[in-house]
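Student: Sequence and predicted model, in that order:
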Protein chains: 2
Amino acid sequence: MIPPPLADLAALPLDRATEEPVYRQLYHRVRASVLAGTLSEGMRLPSARSLASQLGLARGTVEAAYEQLAGEGYIVSHGPAGTFVASVPIAPGSIPPAVPPAAGQPDRPAAPLPFQMGLPALDAFPRKLWSRLATRQARALSTATMMAPDPAGIAPLRQAIGRYLAVARGIAAAPAQIIVTAGFQGALGLVSRALLPADTSVWVEEPGYYMTRNGLEAAGLRLVPVPVDEEGLDVAAGIARAPDARLALVSPAHQSPLGTALSLPRRLQLLEWAAARDSWIFEDDYDSEFRYVGRPLPALKSLDTGGRVLYVGSFSKTLFPGLKLGYLVAPPALAPRLAATAELLQPLPAAEIQAILAAFLAEGHFGRHVRRMRQLYARRRAALATALGHTFGPDRVALGAGGMHVLLRMADDEDDVMLARACQAAGLAPTTLSTFYAGEVKRRGLLLSFTNLPVEQAPREVRRLAEVLATAPRP
Amino acid sequence: MIPPPLADLAALPLDRATEEPVYRQLYHRVRASVLAGTLSEGMRLPSARSLASQLGLARGTVEAAYEQLAGEGYIVSHGPAGTFVASVPIAPGSIPPAVPPAAGQPDRPAAPLPFQMGLPALDAFPRKLWSRLATRQARALSTATMMAPDPAGIAPLRQAIGRYLAVARGIAAAPAQIIVTAGFQGALGLVSRALLPADTSVWVEEPGYYMTRNGLEAAGLRLVPVPVDEEGLDVAAGIARAPDARLALVSPAHQSPLGTALSLPRRLQLLEWAAARDSWIFEDDYDSEFRYVGRPLPALKSLDTGGRVLYVGSFSKTLFPGLKLGYLVAPPALAPRLAATAELLQPLPAAEIQAILAAFLAEGHFGRHVRRMRQLYARRRAALATALGHTFGPDRVALGAGGMHVLLRMADDEDDVMLARACQAAGLAPTTLSTFYAGEVKRRGLLLSFTNLPVEQAPREVRRLAEVLATAPRP
């Protein structure tokens, strides 16, 4: 007999028709249940033999899934006593890095490590200016600021975001449509909570940003990986796999991590699908500010005549991630529900911090800062790409038209995770491309951020990287 | 034929054995589905006749539920075209007040209204001191502060909260067990998200805080109202109604809104149930700092040898609600899961604002401020109670041993909601006791906060209240 939560696990059919191997499907299902809490700490899992027989699988298939789960800390084997749900699931996708930290290393360094992703140039942030605005705000602490703020965000901030979006992204959004969020992950939490019951199917990009995938899994949703090709998300493949998905998560401007832009035909096809199915599109516009070749494409949201797109922006990559502020632009009919959900289950940060950001935007500092960073990043990007090209050969370096990182390609038989661990031990923090795949890893490589790498240091850090890669143990 | 989400609605049995009338059960079920988004905007509801026949109810029962839902804005009737899920659900429990604002009144006033609940004395807050700490923090903006903060909260704040809890509430909590949250509602969101799958049964106090109830409903949980008597939550009644609930939500120090303390036998009974069932207790210690008679009872958490209690505190009532900061003390085994869920789906406010609070606590300002407020509130409470006693008679005034409000009792045939609306039109903001009931309203009255009512103004505002109540239209 299998106890109830595990019986549920065993009862769900695995899909043999997809490209995702059956062991990966099983791995994902168990992992999602652990993250969602359905499988809770200390619960005994059935033996691989017994579960294999329940599911009609080969024992080795279940063993492969268990092995991966154990390797990632979701379950523990106590030998003959059995296999149990682990007490401390690894915080999925902790930043940095995308591989768990090596022993003896702090997992949250106090300064950026070379190549570390997800950070803007902290050395170039106008700290004095920010501090001046914060000081002014601190001195002006008002009764209104002390009372419960509008759950959708303070009015001056929503107005300033609306003005920025109109100019920079071609999005016409009334302040009433704009909901301030606790960064990108806060927007993901709010949308999943307010609009998507558990077990709803959601399209995610394959490969795609692992924090998005982990967040949606933790929200109890059913993830449908949809492949990305040279035109971006393969909408037809999504429709073939899960036409009834309620949400499609895309990064149209600059796909994360491959850097491709979603083509116009695909954009229209995606909007058409969403309109026909009453489904939502979650547009992750995470780094559209940084583009070095040609003009940025307008946001998908700017084409959204049917009101199906939830547009998400964040200040983590333009200002600093510790600010934890971002925003959603919602179709007008959804905004009140999102605000009500925020008030009840995930209130916004203090009005004080919102007010500092509002002043930074309204007084024009934000626009100036982004322009300065675009120029700085163009120089740092070129320096890193040049150094990588010299050392590894230009064929191994992939540069998108935008973004905050460069890809160093690896052969299919290289283990990028093991190599990244060796880098980490040496104080370098590349991110592995394989981490972005939910299913079979199709491309391997190291994603290397240039934002915090001064031009003159690029050759030295690339040499260090090359040394680590040359001497790292290989399987 | 009833479409799928409505079929689910109709398929669930209504419980004829409880005290809650069947129409209220149906009302709650539809309301929860609208808030959870299962019933979405524009969806057509079955006619009262057809739903009544599906459910085996009298048509009048369904009509009563529909009437209440329409009155509260969850559904709209378009005459012969049918009844539909409304496009804009009323933000449930918007603060203030507990009744929707009258036309022409702003729903978020910029200063406290007389009697408005949920606010500490904003006139007595040490703004200059707070501003000084905020200014110091603004000048010290560090690289570490700019990077992604620990998803459970910055270390200095967790340490300071731990020291405070040990001294003030008898709780021994390591910093690793403390998770900083976006206030009380943020804690509720995090716990429901990380530990409670949709449709899980949860005990809530009846009567109980409506924002808690609305939050749990919005999280898709199944609420089981458990009556409160003179010893607090009736644990035996909870066990009789839903022994398998996964969480019990209680306010043991000072029940919200009745003000009773949970007796020791009930505390032990509750802990025993949770241990036997592997269920959780969510301890809402919302205003334990303010007690004017006798000594505060230790927190339920201080008795929690089995690790079943999630203790929640907030700085909204001790400092100011706009700060939107609170904390959870979790059993050690749960803390990593809560932190992982926070990182993925509802990140914490900026380290900047956490650091200001940490300094306020660590430098002893918090302890001093709470002591000063306790003395101030004792005077304001006495002044309000005296004025109410003179005007309405002492029998109608109910004073608990603690808290931030006084109850003005009303007869069972008075409509406290209608009277509160009349008060609101006159610029007064009492809260209705009936709002705290999920089922049948057993006691009626107005909850009147004294925190922002200076001693010398109490007689005048009570006279205004009496005038409004005397002249308000009655049904």
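Tutor: Structure's in. What do you need? Numbers count the residues shown, from 1 in each chain, chains lettered A, B, ... in the order given.

Student: Touching the longest strand anywhere in chain A from outside, list them.
Tutor: Secondary structure of chain A read by DSSP state E shows that its longest strand is strand A:222-229. Identification of contacts with strand A:222-229 by C-beta atoms under 8 Å, 6 or more residues apart in numbering or on different chains yields A:20, A:28, A:32, A:199-208, A:213, A:216-217, A:233-235, A:237-238, A:241-242, A:245, A:248, A:255, A:258, A:260, A:438-439. Heads up, the C-betas are built off the backbone N, CA and C, glycines and all.

Student: residues near residue A:164, how many?
Tutor: Residue A:164 has 18 neighbours, counted by other C-beta atoms under 10 Å in any protein chain shown.

Student: Establish whether the lengthiest helix in chain A and chain B are in contact.
Tutor: Taking DSSP state H as the assignment, the helix of chain A that covers the most residues is helix A:365-392. No. Helix A:365-392 stays clear of chain B (C-beta under 8 Å from any C-beta of the partner chain), getting no nearer than 13.4 Å.

Student: about what we covered before: and the longest strand of chain A, average pLDDT?
Tutor: For strand A:222-229, mean pLDDT is 97.

Student: What are the buried residues along it?
Tutor: Residues of strand A:222-229 classed as buried: A:222-226, A:228 (neighbour count, 16 or more other C-beta atoms under 10 Å in any protein chain shown).

Student: Run through who's touching stretch A:137-144.
Tutor: Contacts for stretch A:137-144 (C-beta under 8 Å, 6+ apart): A:351-352, A:355-356, A:359, B:110-112, B:122, B:127, B:130-132, B:134-135, B:138.

Student: buried stuff in the longest helix of chain A?
Tutor: Buried residues in helix A:365-392, counting neighbours by 16+ other C-beta under 10 Å, are found at A:365-366, A:369-370, A:373, A:376-377, A:380-389, A:391-392.

Student: next one: stretch A:337-347
Tutor: Neighbour-count burial for stretch A:337-347 [16+ other C-beta under 10 Å]: A:337-347.

Student: now swap in stretch A:410-425 and tell me
Tutor: Within stretch A:410-425, the residues scored as buried using 16+ other C-beta under 10 Å are A:410, A:414-417, A:419-424.

Student: List the contacts of the residue nearest to residue A:392 when sequence neighbours are not counted.
Tutor: Sequence neighbours aside, residue A:408 is the residue nearest to residue A:392 in space, at 6.3 Å (criterion: C-beta to C-beta, 6 or more residues apart in numbering or on different chains). Residues in contact with residue A:408 (C-beta under 8 Å, 6+ apart) are A:388, A:392, A:396-398, A:430, A:445-448.

Student: do residue A:160 as well
Tutor: Shown in contact with residue A:160 (C-beta under 8 Å, 6+ apart): A:358, A:361-362.

Student: Considering the residues you listed, which is situated nearest to residue A:456?
Tutor: Closest approach between these and residue A:456, by C-beta to C-beta: residue A:361, at 32.7 Å.

Student: Around the closest one, count how many other residues there are.
Tutor: Count around residue A:361 with other C-beta under 10 Å applied: 19.

Student: quick one: it and residue A:162 touch, right?
Tutor: No. Residue A:361 sits out of contact with residue A:162 when judged by C-beta atoms under 8 Å, with a separation of 10.1 Å.
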